[in-house]
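Undergrad: Sharing a model that was predicted from the sequence below.
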Amino acid sequence: MELLGGRTAADFLRDYWQKKPLVIRQAFPDFQCPVSADELAGLACEEGVESRLVIEKDDGKPWQMHNGPFSAERFSELPEHDWTLLVQGLDHWVPEIADLLEHFRFVPNWRLDDIMASYAPKGGSVGPHFDQYDVFLLQAEGHRRWTFGGHCDHTSPRVEGTPLRILSSWEGEETVTLAPGDMLYLPPGVGHHGVAEDDCITLSIGFRAPTVDDLLTGFTDFLCSQSDAGDHLNDPDLQVQDNPGTIAPGVIDRLEAVIHRKLSDRRQLSLWFGQYATAPKSMDIVVPSDEPIAPEVLRDLIQEGAQLRWNEGSRFAWYDLGEESALFVDGEQYLLKGDAKPLAPLICAGARIDMEALAALAGDPAISGLLSHLYNHGSVYFE
């Protein structure tokens with residue numbers, strides 16, 4: 001309740017989620033940022049880390065963006081103010097940042113995108129803009145002044161001459177300054193503009209929502225990969241037509257029946273979506289273990305109380321199929337039956353798995369085999 005300004009998660013979801021902004025003072029009291037500006041700059045020099053520099057006035061051009069990785073010398077060439085460093089997926093690389101996500105489990109795992117860090121000296125900003133996703137903006141260090149409000153969409157006027165979607169004639173409705181531990185929630189489509197008042201770091205906890213185009217394309221591609229996708233449309237009751245150029249209503253009826261049958265297969269839809277929704281954002285961090293572990297060794301470590309946790313870049317979800325539980329990890333599916341069914345909700349509940357509950361299940365060879373597979377694949381590790 002402290003995280004949401006004294007509101008319960010249910011109250012927040014009912015009154016604010018995808019409805020209106022919310023300023024939460026001291027959502028994280030006495031917050032200390034787990035990373036420094038220098039460490040963010042170091043990450044931005046690494047291959048495999050998505051990073052960007054946004055400079056407000058770059059050779060006379062407005063709001064120019066440069067993609068990393070950067071050289072260390074690049075940072076010494078920057079102006080004293082009016083620029084921003086963005087490091088995407090910071091939770092994938094810093095376990096202490098990933099731990100922040102445990103406070104946001106009132107939103108389903110599959111909706112989570114990642115945590116982005118924004119460092120800026122005084123005056124630094126990425127310009128007035130809007131996003132198509134929900135975001136919590138946690139002030140981690142320094143102070144940032146936010147102006148926000150008003151609904152924006154693809155028709156909103158933009159600044160020309162920049163690769164960024166900067167709003168050109170937007171005026172916000174409210175202005176606040178956030179100190180460390182303060183947080184601002186913004187629904188999709190709400191215009192906002194944050195400006196650093198001193199050297200500051202802001203952490204953006206972003207939540208994704210797939211587009212209808214992504215859903216249709218992804219599911220139909222999945223259906224086309226099934227073994228019966230090569231079957232032909234047949235017409236054993238074909239009859240002579242008055243005009244051979246006519247597409248008879250019966251043809252459309254058969255097409256509709258085929259497509260409806262495929263699209264109404266709830267099991268197929270749930271299995272596809274679980275894989276789709278848990279596909280890792282970065283395959284650079286979900287890599288096989290250097291030292292594979294045997295099921296019996298993993299079982300013994302669990303019985304001894306070793307703490308198992310998710311890889312910071314992994315995604316976990318599950319779906320109840322009735323007699324089976326479908327576990328989805330990093331784009332793969334695992335169907336669990338009988339005594340193994342409880343493993344799915346247990347392992348998906350949070351990044352640090354309840355080891356006492358897991359120890360009660362790990363004696364099953366099938367379960368210890370699956371857990372060792374996830375370990376060897378790089379989806380979990382011992383802390």
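TA: Structure received. A quick note: this is a predicted structure, and the numbers were derived from the prediction, not measured. Residues are numbered from 1 along each chain as shown.
Undergrad: For Val329, which non-adjacent residue is spatially closest?
TA: Leaving aside its chain neighbours, Val329 sits nearest to Ser379 (5.1 Å; criterion: Cβ to Cβ, 6 or more residues apart in numbering). C-betas here are computed from N, CA, C, even on glycine.
Undergrad: check contacts around the residue nearest to Phe219 when sequence neighbours are not counted.
TA: The spatially closest residue to Phe219, leaving aside those adjacent along the chain, is Trp272, at 5.5 Å (Cβ to Cβ, 6+ apart). Trp272 is in contact with Gly218, Phe219, Phe222, counting by Cβ atoms under 8 Å, 6 or more residues apart in numbering.
Undergrad: so how many other residues sit close to the first one?
TA: For Gly218, the number of neighbouring residues by other Cβ atoms under 10 Å comes to 17.
Undergrad: before we move on, back to that, contact partners for the residue nearest to Val329?
TA: Ser379 neighbours (Cβ under 8 Å, 6+ apart): Val286, Trp310, Asn311, Ser314, Phe316, Val329, Asp330.
Undergrad: which among those end up buried?
TA: Using 16 or more other Cβ atoms under 10 Å as the burial test, the contacts of Ser379 include Val286, Trp310, Asn311, Ser314, Phe316, Val329, Asp330 as buried.
Undergrad: The residue nearest to Phe219 belongs to a strand?
TA: No - using DSSP: H, G, I helix; E, B strand; the rest coil, the assignment for Trp272 is helix, not a strand.
Undergrad: thinking His103 is in contact with Leu3, fair?
TA: Yes - with contact defined as Cβ atoms under 8 Å, His103 counts as touching Leu3 (5.3 Å).
Undergrad: got any residues that touch both of the two?
TA: Common neighbours of His103 and Leu3, using Cβ under 8 Å, 6+ apart, are Phe28.
Undergrad: of the two, who's got more company?
TA: Between His103 and Leu3, Leu3 has the larger neighbour count (other Cβ under 10 Å), namely 18 against 15.
Undergrad: taking the buried ones among the contacts of Ser379 one by one, which sit in strands?
TA: Trp310, Phe316, Val329 (DSSP state E).
Undergrad: Let me have the buried ones among the contacts of Ser379 in JSON lines, extended by pLDDT.
TA: Below are the buried ones among the contacts of Ser379 laid out as JSON lines (pLDDT from 0 to 100):
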{"residue": "Val286", "pLDDT": "92"}
{"residue": "Trp310", "pLDDT": "97"}
{"residue": "Asn311", "pLDDT": "96"}
{"residue": "Ser314", "pLDDT": "96"}
{"residue": "Phe316", "pLDDT": "98"}
{"residue": "Val329", "pLDDT": "98"}
{"residue": "Asp330", "pLDDT": "97"}
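Undergrad: quick one, strands of the stretch 201-350 of the chain?
TA: Along the stretch 201-350 of the chain, counting by DSSP state E, counting those that start in this stretch, strands occupy 308-310, 316-320, 324-329, 332-337.
Undergrad: Kindly state which of those is positioned closest to Trp17.
TA: In terms of Cβ to Cβ, the element of the strands of the stretch 201-350 of the chain nearest to Trp17 is strand 316-320, at 19.2 Å.
Undergrad: picking that back up, between which two of the buried ones among the contacts of Ser379 is the distance greatest?
TA: Based on Cβ to Cβ, the longest span within the buried ones among the contacts of Ser379 runs between Val286 and Phe316 and measures 11.7 Å.
Undergrad: Tell me which residues touch Gly350, please.
TA: Glu102, Arg105.
Undergrad: What does the pLDDT read for Thr162?
TA: Looking at Thr162, its pLDDT reads 92.
Undergrad: Verify the contact between Leu298 and Tyr375 for me.
TA: Yes - Leu298 lies in contact with Tyr375 (Cβ under 8 Å); the separation is 6.1 Å.
Undergrad: Mind putting the strands of the stretch 201-350 of the chain into JSON lines with distance to Asn243?
TA: Listed next are the strands of the stretch 201-350 of the chain as JSON lines, based on distance: least, Cβ to Cβ, whole Å:
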{"stretch": "strand 308-310", "distance to Asn243": "63"}
{"stretch": "strand 316-320", "distance to Asn243": "49"}
{"stretch": "strand 324-329", "distance to Asn243": "50"}
{"stretch": "strand 332-337", "distance to Asn243": "49"}
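Undergrad: Out of those strands, which gets nearest to Gln226?
TA: Here strand 332-337 is closest among these (Cβ to Cβ), at 14.0 Å.
Undergrad: wait, is Ser118 part of a strand?
TA: Yes - assessed with three-state DSSP, Ser118 lies in a strand.
Undergrad: Now it. Nearest residue, chain neighbours left out?
TA: Using Cβ to Cβ, 6+ apart, the closest residue to Ser118 is Thr202 (4.6 Å).
Undergrad: what does Ala179 give?
TA: His143 (5.7 Å).
Undergrad: wouldn't the one you found be in contact with Asp182 here?
TA: No - counting by Cβ under 8 Å, His143 does not reach Asp182; the two are 9.1 Å apart.
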